[in-house]
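> My questions concern the predicted model and sequence given below.
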Amino acid sequence: MALVVMKFGGSSVEDADKIKFVARKIIAKKKAGNKIIVVVSAPGDTTDDLLEMADKITSNPLAREMDMLLATGEIISISLLAMAIDSMGEKVISMTGPQAGITADAGYMRARIKKINPKKIKDQLAKNSIVVVAGFQALNPKGDITTLGRGGSDLTAVALVAALEADFCEIYSDVEGVYTTDPRVVKDAKKIDCISYDEMLEMAGSGAQVLQPRSVEVAKKFGVEIHSRSTFSENQGTIITSEEKIRRKKMESLLVSGITFDKNQVKFTIIDLPDVPGVAAKIFGRLAKIGVNVDMIIQSAAVDKKNDISFTVSKQDIKKTQMELDKITIEFKVANVVCDEHVAKVSVVGIGMKSNVGVAAQMFEILYKKGINIEMISTSEIKISCIVDELDMVKAVKELHKSFGLSKKKYETL
Ligand code: ADP
Ligand code: ASP
Ligand code: MG
């Protein structure tokens with residue numbers, strides 16, 4: 001008898017009909033001879049709605065209360081789903097993250113799972129119950145409920161698979177798996193049959209919302225193979241697994257596996273900073289201290305012992321960054337900080353880049369031919385990212401997708 005963790009995203013449980021549909025799907029899997037743990041997200045846009053509601057109350061909410069609020073979304077889903085499963089005659093119990101034994105570090109809102117004590121879940125599985133766990137939440141050392149960052153239900157699912165040594169990790173969403181780019185933006189995007197943890201990590205980290213980056217990191221660490229698939233079809237989705245396993249199955253390593261984009265970017269430029277040692281350390285040290293995650297950074301060559309530094313942060317960190325930069329500019333006696341909210345990041349990801357030079361040049365050429373200006377560039381072993389004007393983002397994604405031959409590529413199945 002296999003132990004299966006099935007995770008359903010918000011769009012899969014957004015109304016009563018979908019909750020009943022998901023309940024039937026879970027019961028069918030149980031009746032096929034499996035033990036089932038279900039992880040669910042908040043229904044539909046509930047988390048966004050709660051954030052919006054809080055913003056109408058205060059622009060500076062207490063992190064503890066924010067987590068208390070956000071955790072309610074997933075509790076709606078677990079209780080309604082458990083009611084649906086029970087009404088269909090199956091044994092079921094819902095659990096919040098804390099009830100499921102999931103504990104996290106001291107942070108709020110982007111807490112990290114520290115440990116899972118699976119005793120309660122195991123007891124219920126032994127009683128033949130389906131266990132429905134609220135994703136995205138845990139108990140911190142102060143005894144408070146805390147949340148695991150946006151998309152954190154994926155992390156709950158992967159962490160439960162690791163802790164309970166489950167046999168399968170199935171992440172159900174409103175798309176059939178991981179595509180060469182967002183299928184809502186590029187109609188001829190192709191489903192990828194199998195992708196390595198590292199590529200998935202880069203894709204998720206650069207905007208492919210289908211999996212939370214941290215969940216992929218944890219999956220890689222514990223060797224959890226993820227099957228990303230659709231709630232609304234029985235088709236095989238995408239397997240996220242190790243590079244070795246993909247190589248063993250003799251799958252071809254594509255030069256470029258996917259194109260991603262991220263509109264959630266803001267570019268700050270500090271002009272005329274003194275060109276002396278320690279300036280960058282001070283600026284980025286201070287931003288790190290207040291919890292701002294800086295993504296891309298460029299520093300211009302010095303002219304007259306002065307230079308400019310540009311960097312990007314995510315949109316939700318604008319206010320915090322602006323306030324800290326106001327203080328820093330006074331300290332450095334710098335007058336000018338420019339904030340550009342109309343930028344987007346476009347990235348090309350592929351493990352084949354490791355052994356193939358020229359992908360960056362090809363990317364720049366494609367953008368140049370379409371008249372798209374590149375404002376910033378960053379590279380890793382298997383990813384190249386460019387900051388462009390947000391108005392050029394979709395054009396850039398479509399052109400890169402086409403020019404790297406992704407719409408025509410065939411993928412083998414693992
Ligand atoms: P869930 O609510 O199930 O967690 P999400 O909204 O978090 O689902 O993620 C699914 C969405 O991710 C899809 O609807 C799709 O628009 C988006 N997406 C972005 N990039 C990709 C990609 N490369 N492959 C598949 N989906 C993608
Ligand atoms: N409900 C949370 C969010 O919207 C967690 C999740 O969906 O995974 O980010
Ligand atoms: Mg999600």
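Everything's here; your move. Numbering: from 1, shown residues only. Ligands and ions are numbered 1, 2, ... in the order given.

> which residues in the stretch 101-250 of the chain form helices?
119-126, 152-164, 197-205, 213-222, 243-248 (DSSP state H, counting those that start in this stretch).

> buried ones in the last one?
Buried positions in helix 243-248, judged by neighbour count with 16 or more other C-beta atoms under 10 Å: 243, 245-246. For the C-beta atoms, the positions are set from N, CA and C on the backbone; glycine is no exception.

> hang on, the earlier thing: next, format the helices of the stretch 101-250 of the chain as a markdown table and append mean pLDDT and distance to ligand 3.
Converted to a markdown table, these look like this (pLDDT from 0 to 100; distance: least, C-beta to the ion, whole Å):
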| stretch | mean pLDDT | distance to ligand 3 |
| --- | --- | --- |
| helix 119-126 | 98 | 22 |
| helix 152-164 | 98 | 6 |
| helix 197-205 | 96 | 10 |
| helix 213-222 | 97 | 9 |
| helix 243-248 | 84 | 24 |
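
> winner for burial among those helices?
The highest mean neighbour count among the helices of the stretch 101-250 of the chain, using mean count of other C-beta atoms under 10 Å, belongs to helix 152-164: a mean of 26.

> How about that helix and ligand 2, any contact?
Yes - using C-beta under 6 Å from any ligand atom, helix 152-164 reaches ligand 2 at 152-154.

> And stretch 126-143, by the same measure?
Yes - with C-beta under 6 Å from any ligand atom as the criterion, ligand 2 is reached by stretch 126-143 at 135-136.

> so V22 sits in a helix?
Yes - secondary structure assignment (DSSP: H, G, I helix; E, B strand; the rest coil) places V22 inside a helix.

> how many other residues sit next to the residue lying closest to K120 once chain neighbours are set aside?
Nearest in space to K120, with sequence neighbours left out and distances taken as C-beta to C-beta, 6 or more residues apart in numbering, is G101 at 5.7 Å. By the measure other C-beta atoms under 10 Å, the count of residues near G101 is 20.

> residues in contact with G101?
Contacts for G101 were tallied using C-beta atoms under 8 Å, 6 or more residues apart in numbering; they are 116-121.

> please redo it, this time with the cut-off set to 6 Å
Neighbour list for G101: 116-118, 120 [criterion: C-beta atoms under 6 Å, 6 or more residues apart in numbering].

> just V133 next, same as before
Applying C-beta under 6 Å, 6+ apart, the residues near V133 are 39, 95, 100.

> Ligand 1: which of those residues is nearest?
V39 (10.6 Å; C-beta to the nearest ligand atom).

> Could you check whatever helix or strand the closest one lives in against ligand 1 for contacts?
Secondary structure from DSSP states H and E places V39 in strand 34-40. No - Strand 34-40 lies apart from ligand 1 when judged by C-beta under 6 Å from any ligand atom; the minimum separation is 9.9 Å.

> quick one: that strand to helix 119-126, angle?
130 degrees (axes from the mean of the first three to the mean of the last three C-alpha atoms, to 10 degrees).

> Show me the contact partners of strand 34-40.
In this structure, residues lying in contact with strand 34-40 by C-beta under 6 Å, 6+ apart are 1-8, 13, 26, 29-30, 77-78, 81, 125, 130-133, 135, 153, 156-157, 160.

> Just the ones in strands from these, please.
2-8, 130-133 (DSSP state E).

> export the residues you listed to CSV and tack on distance to ligand 3?
Formatted as CSV, the entries for the ones in strands among the contacts of strand 34-40 read as follows, by distance: C-beta to the ion, whole Å:
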residue, distance to ligand 3
A2, 24
L3, 23
V4, 19
V5, 15
M6, 14
K7, 9
F8, 10
I130, 22
V131, 21
V132, 17
V133, 16
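
> I'd like to know which of the residues you listed are buried.
With burial judged by 16+ other C-beta under 10 Å, the buried subset of the ones in strands among the contacts of strand 34-40 is 3-8, 130-133.

> What is the strand ranked longest in the chain packed up against?
In terms of residue count, the longest strand belonging to the chain (DSSP E) is strand 258-274. Using 3 or more C-beta pairs under 6 Å, 6 or more residues apart in numbering; DSSP states H and E as the contact criterion, the elements in contact with strand 258-274 are strand 306-314, strand 337-349, helix 393-403.

> Flag every buried residue along the last one.
Along helix 393-403, these residues count as buried under the neighbour rule (16+ other C-beta under 10 Å): 393, 396-401, 403.

> What average pLDDT does it get?
Averaged over helix 393-403, pLDDT sits at 96.
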